[in-house]
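compute the structure for the input listed below.
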Amino acid sequence: MRLPSQNLISLARVARPWLALAALSLVTTACASRMTPVSLAPSTPESVAEACAATSFRPWQTLTGNGARRTVSVAIRAEDNTYDGWSHLGTRRLEGVLSAWNRVNLPVRLAPSADWAQADIRVLIVRRLDEDPGSPNTLASYQAGVTRADISADGFLQKAFVAIGETSPKGTPYSVSEQLGTLQHEIGHALGLPHALETGALMSSVMIATELTYLDARFAKAVYASKECRQPAGAVAATARPTGTRGPY
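Here you go, the predicted model:
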C-alpha cells in the first residue's frame with residue numbers, strides 16, 4: 001500500500017486521523033465529526049488557497065491549449081478475501097465513479113485501465129484497513145479509505161494509490177453504497193483535491209453528501225485554476241475524514 005517515493009503524502013477517510021507510516025515524517029490534521037457546525041459559504045479564491053495550504057496534495061500537471069485535457073489512467077484490483085462483488089463488478093463500479101468526476105470537466109480526464117503496473121492511479125479493495133493501535137482516539141476503529149500520492153519536487157501529482165475497506169478494522173461492514181461514496185471521495189484526493197471547506201460537499205472532511213455535488217464541481221475547478229494550489233508543498237501532511245455513518249456522532 002506504499003508508493004516507491006520519498007515524497008509521500010496521505011489522506012485517510014476515517015472517523016479520526018491515523019497514519020502509521022514507518023520512516024515517514026507526517027503532520028496529521030484531525031477532521032471534525034458531525035458535531036461541527038455546517039458551513040455552506042461558497043468557495044472563494046481565498047478559501048480554496050486555504051484548503052490547499054492545509055495539505056500537501058497538489059493537482060496533476062495539465063496540458064496547454066484551450067480545451068486540452070490530460071488523460072490519467074486508473075486501475076482497480078480486489079484482494080482475494082473481499083466478498084462485496086468487487087472481484088467481478090469492480091471495473092463497472094470504478095467506471096461509474098470516474099464518469100461522475102469526468103462530468104465535472106476538469107482539465108484531467110480519468111480513464112479506466114487494465115494495466116495495474118503502469119496506471120497513474122491504482123485502487124485496491126481490501127477486506128479491511130489496519131487500525132493504528134497507538135491512537136488514543138475512541139473512534140479509531142472506523143477506517144474506511146486512504147489515498148497516498150507521490151508529488152514531484154515542482155509541486156505536481158505523479159502517482160496515487162487508493163485503498164478502500166469493505167469493513168472497519170474491527171469488522172463492522174460498510175454497505176456497497178458507502179464504499180462507493182468513499183471511493184468517489186478518495187478519487188477526488190487522487191485528482192489532487194484537498195478537503196473542501198464547505199461541509200455540504202462530498203470532498204468535505206465531514207461527511208454529509210455521499211455523491212458529487214455542484215459544490216464539489218465548483219471546488220475542483222477552483223483548485224485546478226488556483227496558482228496557490230500549484231505551489232510546491234512545504235511540508236508532508238496527512239488529514240483524515242470521518243465516514244459519517246459510523247461511530248458515536
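
next SSE downstream of whichever helix in the chain runs longest?
Longest helix in the chain by number of residues (criterion: DSSP state H): helix 86-102. Helices and strands here follow DSSP states H and E; after helix 86-102, the next one along the chain is strand 108-112.

okay, the angle between that following strand and helix 86-102?
Following axes from the mean of the first three to the mean of the last three Cα atoms, to 10 degrees, one obtains 160 degrees for the angle between strand 108-112 and helix 86-102.

strands along the protein, start to end?
8-13, 27-29, 70-78, 108-112, 121-128, 145-151, 157-167, 237-241 (DSSP state E).

worst mean pLDDT among these?
Among the strands of the chain, strand 27-29 carries the lowest mean pLDDT, a mean of 24.

and stretch 110-121, what's buried?
110, 112, 113, 119, 120, 121 (16 or more other Cβ atoms under 10 Å). Bear in mind the C-beta positions are built from the backbone N, C-alpha and C, glycine included.

pLDDT weak spots in the protein?
1-46, 132-142, 207, 231-249 (pLDDT under 70).

if we go to 80?
1-47, 49-57, 64-68, 130-143, 153-155, 205-208, 227-249 (pLDDT under 80).

nearest to residue 185, of the strands of the chain?
strand 8-13 (5.7 Å; Cβ to Cβ).

and the nearest residue to residue 211 once chain neighbours are set aside, what are its phi and psi?
Once flanking residues are discounted, residue 211 sits nearest to residue 202: 6.3 Å by Cβ to Cβ, 6 or more residues apart in numbering. Main-chain torsions, residue 202, degrees, to the nearest 10: phi -60, psi -30.
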